[in-house]
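Asks: Structure here, sequence nowhere to be found:
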C-alpha cells in the first residue's frame, strides 16, 4: 500500500525549482540613502532590485524646474545625472545585479546612464541583466508619467528594443505593464487585452522600423517581458495568468510566426495590488498581500519570474525598512518553507480553472479585435481610457453600495487600536530640506562639467532624434558628457513635442435608476445652483507631477452626474495654471488631488496663487494620501476639507462639497 502511494506521487513531484526573484520596490530622498536601503535589503535575502524614481526623473525634468517643486525625492529616488547613478549603485556589481527600473518616457535615458556607468567601471555591457518598464501606452491610460505623443514614444521604445538585443542581450528593453491598468479599474479581460495590444503595437513598430533583420525578430519577441497586477480574487487572478501564457503563445505563433518555445514563454514580474490596500485596519493588508502572492506563484505553468510585494502600510505613506522586510519575509516563507516549488502544476486538469481561463481568453480576444478595428493601441487610447474609467466607476459604486465587500472599510469596521502603526516614526517621511540640497547639487554639477562637451552631446542627440537615428548611443554619450535628465528631456520635447492624454470623463455615466443618495445629491446641487444664479462650478486640479488620476476622474464623473459644472483638464498643472482655470471658470470651489506626498507644498502654493488671482474666498478641498498631522496643517493653511483613501463614498464627498459651497457663498455671518 505504501509503495503504491509513493508510486502515485512520483510523476508529480520533483527536485525543487529555483524560486522567483525577490524584489521590493524602493527608492527615496537621495541616491546615497537609496543605495543604503538597497544594500540593506540585499543583505536580508532580496535577490533583485526594483528602482522607484521620483516624479521629476520619471517625467524628464530637472529638480529646479517649476513643476518639480515639492516633488523631488518624494515617491522615489532623484537621478539627475551620471553622478547620481554612481551613488545609487555604489558597491553594487552591475554585472551580477538583476535591476528593474520603473521608468517609462525617459527609459532610454535611464538605461543610457546605467550603461554609461558600466562602461566607466569597465563592466561588460553584455552581462547586464534587468528590465526597463518602458510601457508608454499604460501611462496615457492610467499612470500619467508620459511626456511625448504616442508616435515618437513608440519610436523611442522601438529604438531601445532594436539596440538592446545586440548591445545588452540579457536586458529586457520593455516590460509591458498591466499593473497600473488594474489600479485604474481594469477588469481581468481588459488587463489582458490592453497589455497584449500594447505589446503588439511595439512589435509592429519594431518591424516597421527596419532596424531588426527578419531573421532576428524571434529573438526580439523573446525579450519582451510583462509586469502584471494580482488582485485579491486570487482564483480569477490565477486564471488570468494562465490566460496570458496561452494568448502570448498564440500571438507569437499566429501573428509573428515565432516557433522557438523559449522565445514564446510569457515572462512576467508582479507587484501585487496596491489599489486594494486599505487605510482603515491596515493590518488586514498582510492577508491580502499573501493571497495575491499565491495567485502568481501557485500555478507552475504561469508562475512569475519576479515578485515584489507592497508593504502593509503603503496606503498611508512611505514604508519603513522593517515594513519592507516583512513583505520580503513573506516571499521567503512561501518559497523556502512550503513545498510549493516541488510539484508540477497543481491546477492542470481542473475543469474549474480551465473553464475560467477559457472564458477570460475569449473576452480578451473580443476586446483585442475591437482595438484592432480601431487601428491598434496607438489609435485606441481614447476608447481604452473611457472603458477604464467606466469600469472603475462600477467598482467604486459596488464598494459604496456594499455589493463588493472590503473588510474594515464597508463591513466589519469595528476595530481595536493597532500597535503596528503607533508612535513616532510609524510612517517614514522625506526631509523637506532634501529638495533644496538636490537643487544645489544640480547647479554644482552643471558648473563642474565640461560645458562644451555637454552641448556637443546634446546637439548630436537632437540630430539623432530629428533624423530618425537610433537614440541610444547618442543618449549614452550625453550621460558620459554630464548632461542632466532635464536637458535630455528638453531636447526631445523640442523635437517630438508634448502630449496631454484624454481624461476619460467626457461622457457622464449615470448610476442605476432609484439610487436615493444620487437623487438626493442632484436635488441639493440644483437647489444651491439656483441660489447661486448659475450651475455650481467645481474646478478640479492635479498640481505638480503626480499622474495617478483615478480618484480625480471618479470625483469629476460623479460631480457631472450630480449636475455640477466640473472643469477637469487632466494632470500636471502648476498652481498658477490651476488658479487661472478657476478664475476663467468662475469657480465656486477648487479641488486638489495629490497622491505623491507633495500636498503641503502644492496646497500652500495653490492657495497663494488663488489669493493673487483675487480668489481668496473660493474654498479649497484636498484629496490624497495624507497623514493626520499633515491634514491638520492643511486645515490651518485654509483648506476647507481633507479626504484620504478611507473616504470611499464619493456621493457623500460631493454632498460635503455642495455644503461647503453653500456655506462659502450663500450663508452670511
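Replies: Happy to help now that I have it. No experiment lies behind these values; they were computed from the predicted model shown.
Asks: quick one, what contacts residue 549?
Replies: 144, 503, 542, 570-571, 593 (Cβ atoms under 8 Å, 6 or more residues apart in numbering). Where C-beta positions appear, they are placed from N, C-alpha and C, glycine not excepted.
Asks: Point out the least confident one among those.
Replies: pLDDT is lowest at residue 503 among the contacts of residue 549; the value there is 84.
Asks: next one: phi and psi at the residue lying closest to that one once chain neighbours are set aside?
Replies: Counting by Cβ to Cβ, 6 or more residues apart in numbering, the nearest residue to residue 503 once its immediate chain neighbours are dropped is residue 570, at 4.9 Å. Backbone torsions for residue 570, taken as degrees, to the nearest 10, come to phi 110, psi -150.
Asks: same thing with residue 130?
Replies: Phi and psi for residue 130, reported as degrees, to the nearest 10, are phi 160, psi -160.
Asks: That one against residue 164, yeah?
Replies: No - judged on Cβ atoms under 8 Å, residue 130 makes no contact with residue 164 at a distance of 10.6 Å.
Asks: More neighbours: which of the two?
Replies: Comparing residue 130 with residue 164 by other Cβ atoms under 10 Å, the one with more neighbours is residue 164, at 24 against 21.
Asks: So that one sits against residue 170, correct?
Replies: No - the pair residue 164 and residue 170 fails to qualify as a contact (Cβ under 8 Å) at a distance of 9.1 Å.
Asks: Distance-wise, check the closest residue to residue 520 other than its chain neighbours relative to residue 499.
Replies: Nearest residue to residue 520 in three dimensions, chain neighbours excluded: residue 655, at 7.9 Å (Cβ to Cβ, 6+ apart). Distance, residue 655 to residue 499, using Cβ to Cβ, to the nearest Å: 36 Å.
Asks: Please apply the same query to residue 96.
Replies: Distance of residue 96 to residue 499, computed by Cβ to Cβ: 38 Å.
Asks: When those two are compared, which one has more neighbours?
Replies: A count of neighbours by other Cβ under 10 Å puts residue 499 above the other of residue 96 and residue 499, at 19 against 9.
Asks: hang on, the earlier thing: mind checking which of the contacts of residue 549 are in strands?
Replies: Among those, the residues falling in strands (DSSP state E) are residue 593.
Asks: and which of the contacts of residue 549 is nearest residue 449?
Replies: residue 144 (31.4 Å; Cβ to Cβ).
Asks: got the contact list for that closest one?
Replies: Residue 144 touches 501, 546-549, 571-572, counting by Cβ under 8 Å, 6+ apart.
Asks: Spatially nearest residue to it, not counting backbone neighbours?
Replies: Residue 144 sits nearest to residue 547 (Cβ to Cβ, 6+ apart), 1.8 Å away.
Asks: my read: the one you found touches residue 572, true?
Replies: Yes - at 7.0 Å, residue 547 counts as touching residue 572 under the criterion of Cβ under 8 Å.
Asks: Stretch 617-630: which residues count as buried?
Replies: Going by neighbour count (16 or more other Cβ atoms under 10 Å), the buried part of stretch 617-630 is 618-627, 630.
Asks: from the residues you listed, which two are the most distant?
Replies: 618 and 627 (25.7 Å).
Asks: Flag every buried residue along the helix or strand harbouring residue 634.
Replies: Element membership of residue 634, judged by DSSP states H and E, is helix 628-637. For helix 628-637, a neighbour-count test (16+ other Cβ under 10 Å) marks 630-631, 633-634 as buried.
Asks: burial of residue 286, as a residue count?
Replies: 17.
Asks: Excluding chain neighbours, what is closest to it?
Replies: residue 312 (5.0 Å).
Asks: tell me the SS of that neighbour?
Replies: Of the three states, residue 312 takes coil under DSSP: H, G, I helix; E, B strand; the rest coil.
Asks: Verify the contact between it and residue 283 for me.
Replies: Yes - applying Cβ under 8 Å as the test, residue 312 and residue 283 come out as touching, 6.5 Å apart.
Asks: So which of those two has more stuff around it?
Replies: Legend: neighbour count by other Cβ under 10 Å for residue 312 and residue 283, higher for residue 312 (23 against 16).
Asks: Spit out the contact partners of that one.
Replies: 277, 282-283, 285-286, 289, 319, 323, 326-327, 420.
Asks: now swap in residue 18 and tell me
Replies: With Cβ under 8 Å, 6+ apart, residue 18 has these contacts: residue 341.
Asks: Doesn't it lie inside a strand?
Replies: No - looking at residue 18 with three-state DSSP, it is coil, so not inside a strand.
Asks: low-scoring pLDDT stretches of this protein, where are they?
Replies: Applying pLDDT under 70 to the chain flags the ranges 1-11, 421-429, 506-514, 668-669.
Asks: that older thread, so for residue 312 and residue 283, which residues contact both of them?
Replies: residue 420.
Asks: re the thing from before, list of residues touching the helix holding residue 634?
Replies: 599-600, 603-604, 607, 622, 626, 642, 644.
Asks: Export these as CSV, with columns for secondary structure.
Replies: Listed next are the contacts of helix 628-637 as CSV, based on three-state DSSP:
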residue, secondary structure
599, helix
600, helix
603, helix
604, helix
607, helix
622, strand
626, coil
642, strand
644, coil
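Asks: Closest one of these to residue 252?
Replies: residue 644 (44.1 Å).
Asks: Contact partners for the closest residue to residue 301 other than its chain neighbours?
Replies: Nearest residue to residue 301 in three dimensions, chain neighbours excluded: residue 345, at 4.6 Å (Cβ to Cβ, 6+ apart). When contacts are counted by Cβ under 8 Å, 6+ apart, residue 345 touches 299-301.
Asks: which of these count as buried?
Replies: Here, 16+ other Cβ under 10 Å leaves 299-300 buried among these.
Asks: Measure how buried the residue lying closest to residue 241 once chain neighbours are set aside is and give me the count.
Replies: The shortest distance from residue 241 to any non-neighbouring residue, by Cβ to Cβ, 6+ apart, is to residue 302 (3.9 Å). Residues near residue 302, counting by other Cβ under 10 Å, number 23.
Asks: Thanks again, I'm all set now.
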